[in-house]
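1. Here is my input, please return the structure:
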Amino acid sequence: MKTVAAIGNTIFIYLTALLMVLLFTGGKSQITTFIWEYLFHNNVFVPLGFILIFGMSMYIINILFFLKARNGNWRALELTRTNMVVKLIQIPAYLLIFGMGLLCTLMIFTIGITFVLILLDAFAIGMTGLFAATAFYNLKKEQKITGTMQALYTFASFLFCMDVIAAIIGYHISRSNKTA
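-> Here you go, the predicted model:
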């Protein structure tokens, strides 16, 4: 279940980035033309709906993973390492989405795309935040951090950019032999 949650969280943000690439390169190549015409029927809501359905199913998987991990099925080191790897792998997709969102903000007629990207990004960081909350819960359970630190790191895991820093710090703490 840990692997499914980690891979699914990563795939979600890359599907969002892929949608942006397809949206802005539609008709420029035979591949994108084929995808838009035959798979999506020239309707942006088809891939967007797929992304949202996939995201909702990943939220359910993340919640189930959180509940299962609380029972001690995984060690904190394993969870913090996976959390850090997922966060680092997602950086290129977030940069692409941020750049496209910024470009769409500059043009008045595409500002709606920026709002959709903000919502999809918030959706994605919520998923990975649940995954990170599990890792920090287990760090607390193994007495490597205090309850206050758990709350701070978990909160940071739901904030853009801070989530990566919290993931790296969490992994570093889990590798150390010290306890809180």
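2. what's the residue sitting nearest the centre point of the chain in contact with, if anything?
-> Nearest to the geometric centre of the chain sits residue 124, at 3.9 Å (CA atoms, centre = their mean). Residue 124 is in contact with 9, 12, 13, 16, 55, 90, counting by CB atoms under 8 Å, 6 or more residues apart in numbering. In this view, the C-beta of every residue, glycine as well, is placed from N, C-alpha and C.
3. what's the farthest-apart pair in the residues you listed?
-> Pairwise distances across the contacts of residue 124 peak at 13.8 Å for 55 and 90 (criterion: CB to CB).
4. And the helix or strand that contains residue 95, what does it pack against?
-> Applying DSSP states H and E as the criterion places residue 95 in helix 76-106. Helices and strands touching helix 76-106, by 3 or more CB pairs under 8 Å, 6 or more residues apart in numbering; DSSP states H and E, are helix 2-25, helix 111-141, helix 162-175.
5. Compare the contacts of residue 124 and tell me which has the most neighbours.
-> residue 9 (29 neighbours; other CB atoms under 10 Å).
6. Okay, the closest residue to residue 120 other than its chain neighbours and residue 135: tell me how far apart.
-> In space, and not counting its chain neighbours, residue 120 is closest to residue 16: 4.8 Å by CB to CB, 6 or more residues apart in numbering. Distance of residue 16 to residue 135, given as CB to CB, to the nearest Å: 23 Å.
7. Identify the residues contacting residue 48.
-> 19, 116.
8. Can you tell me how far it is from residue 54?
-> Separation of residue 48 from residue 54 (CB to CB): 11 Å.
9. any idea which helix or strand carries residue 55?
-> Using DSSP H and E, residue 55 sits within helix 45-69.
10. Please apply the same query to residue 72.
-> Applying DSSP H and E, one finds residue 72 in no helix or strand.
11. Output the lowest mean pLDDT helix or strand found in this protein.
-> helix 30-34 (a mean of 79; mean pLDDT, DSSP states H and E).
12. Would you mind listing the buried residues in it?
-> In terms of neighbour count (16 or more other CB atoms under 10 Å), helix 30-34 has its buried residues at residue 32.
13. thinking again about what came up before, can you add distance to residue 101 and mean pLDDT and give the helices and strands packed on helix 76-106 back as JSON lines?
-> Output for the helices and strands packed on helix 76-106, formatted as JSON lines (distance: least, CB to CB, whole Å; pLDDT from 0 to 100):
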{"stretch": "helix 2-25", "distance to residue 101": "8", "mean pLDDT": "90"}
{"stretch": "helix 111-141", "distance to residue 101": "4", "mean pLDDT": "92"}
{"stretch": "helix 162-175", "distance to residue 101": "18", "mean pLDDT": "94"}
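14. how many neighbours does the closest residue to residue 8 other than its chain neighbours have?
-> In this structure, residue 8 finds its nearest non-sequential neighbour in residue 58, 4.4 Å apart by CB to CB, 6+ apart. When counting by other CB under 10 Å, one arrives at 25 neighbours for residue 58.
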